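Student: What follows is a protein structure lacking sequence information:
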């Protein structure tokens, strides 16, 4: 049984969504503010549904701390919020959120997105013959451990950033369109927009530091990893 951490300061919303999630055989643990949410991570949830506007710590800060923690950096995070501006969505994606859903939302739609994100969080099956460890100069990308090292120093990447980097680095010299990257890394059954790719690429480049130019942008086409 998958465990969901549901975080919102509106108790009526929490109880309503908790009932619907439990009816789909999810185990649900709850928190009503950001500080309590971080403590509940000790119960090892499989996914977090996170409101943005909360007392003590807002959802953006909670997500940031989840991604900075070695034990939770790959945990799927869905923002569920009444904040509807594009800027807020981009901020959420920058922080490593897997999905961003605006209130109000039907329980059925939320459950569908939860199931999709849980499926996408399962380990990827590598094609026959493809190594789970890529070595590009002084960069090592270990698919089994979700670990990237640059010059012997480990870098922390959220799950989708890691999978996007691994996908690009697995086929150096090959140009990949944004549509292909969305389909192969996020899946065709989850709604994300083209700018999601651009945001994630920018964050990956920041973490690659002096190796950032290994990811090339082809304007109007997509991206490729230098061969």
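Tutor: Alright, I've got the coordinates. Just so we're clear, the structure is a prediction, and the values are computed from it rather than from any experiment.

Student: residue ranges of the strands in the chain, please?
Tutor: For the chain, strands defined by DSSP state E occupy the ranges 3-7, 27-31, 47-50, 77-81, 99-102, 133-136, 139-142, 147-150, 153-155, 175-177, 215-218, 222-225.

Student: And the residue nearest the centre of the protein?
Tutor: With distances taken as Cα atoms, centre = their mean, residue 98 lies nearest the centre of the chain, 3.4 Å away.

Student: Which of the strands of the chain has the lowest mean pLDDT?
Tutor: Mean pLDDT is lowest for strand 99-102 among the strands of the chain, at a mean of 84.

Student: Please identify the buried residues of that strand?
Tutor: For strand 99-102, the neighbour count (16 or more other Cβ atoms under 10 Å) marks 99, 100, 101 as buried. Where C-beta positions appear, they are placed from N, C-alpha and C, glycine not excepted.

Student: Going by distance to residue 47, which of those residues wins?
Tutor: residue 99 (9.7 Å; Cβ to Cβ).

Student: Quickly list what the closest one is bridged to.
Tutor: On the basis of DSSP bridges, residue 99 is bridged to residue 78.

Student: I figured it hits residue 117, correct?
Tutor: Yes - between residue 99 and residue 117 a contact is recorded at 5.8 Å, counting by Cβ atoms under 8 Å.

Student: can you list contacts of stretch 105-121?
Tutor: Contact with stretch 105-121 is made by 2, 4, 16-17, 20-21, 24, 26, 46-47, 49, 74, 76, 78, 80, 98-99, 101, 159, 186-187, 189-190, as judged by Cβ atoms under 8 Å, 6 or more residues apart in numbering.

Student: Any chance of a ChimeraX selection covering the buried ones in the residues you listed?
Tutor: To isolate the buried members of the contacts of stretch 105-121 in ChimeraX, using 16+ other Cβ under 10 Å:
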select :2,4,17,20,21,26,46,47,49,74,76,78,80,98,99,101,159,186,190
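
Student: For this protein, which segments count as helices?
Tutor: Ranges of helices within the chain are 11-23, 34-40, 59-68, 86-94, 107-120, 159-169, 178-181, 194-208, based on DSSP state H.

Student: Single out the most deeply packed of the ones you listed.
Tutor: Highest mean neighbour count among the helices of the chain (mean count of other Cβ atoms under 10 Å): helix 159-169, with a mean of 22.
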